[in-house]
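In: one predicted model, sequence on top.
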Amino acid sequence: CCAASLAGVSRSSTVLVAYLMTVTQLGWESCLAATRAVCPSASPNPGFQQQLQEYESTLLHQYRAWIRRDYGSNPFQDQEELQQLLG
């Protein structure tokens with residue numbers, strides 16, 4: 001599925017990339033590349049890209065651990081599906 005809002009593709013694709021980063025072990029660039037493989041118009045603006053970089057270097061690992069601790073392992077194959085999109 002392609003994530004886009006009526007106003008554009010920057011905000012919605014940023015939220016999708018942040019979600020994918022959180023539920024997989026991939027970084028922001030890989031998650032953005034996988035998103036673009038499905039939706040080529042996905043294009044977080046430079047400010048949102050910087051926020052994704054900061055999220056990856058600061059809070060991401062804590063959120064991943066919190067989700068695993070409180071909800072267990074992910075029953076979906078998100079990591080594998082993204083790896084396939086990345087080739």
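Out: That came through, no problem. The structure presented is a predicted model; accordingly, all values stated were derived computationally and were not measured. Residues are numbered from 1 along each chain as shown.
In: which helix runs longest in this structure?
Out: In the chain, with assignment by DSSP state H, the single longest helix is helix 10-23.
In: state the mean pLDDT of it.
Out: Averaging pLDDT along helix 10-23 gives 95.
In: the residue nearest to the spatial centre of the chain: what's it in contact with?
Out: For the chain, the residue lying nearest the average C-alpha position, counting by Cα atoms, centre = their mean, turns out to be residue 17 (2.3 Å). Counting by Cβ atoms under 8 Å, 6 or more residues apart in numbering, residue 17 makes contact with 28, 31, 32, 35, 42, 44, 52. No exception for glycine: its C-beta is placed from N, CA and C like everyone else's.
In: which of those residues scores worst on pLDDT?
Out: residue 42 (90).
In: and for the nearest residue to it once chain neighbours are set aside, the neighbour number?
Out: Nearest residue to residue 42, sequence neighbours excluded (Cβ to Cβ, 6 or more residues apart in numbering): residue 13, at 3.7 Å. Neighbourhood size, residue 13 [other Cβ atoms under 10 Å]: 25.
In: one more: residue 55?
Out: 17.
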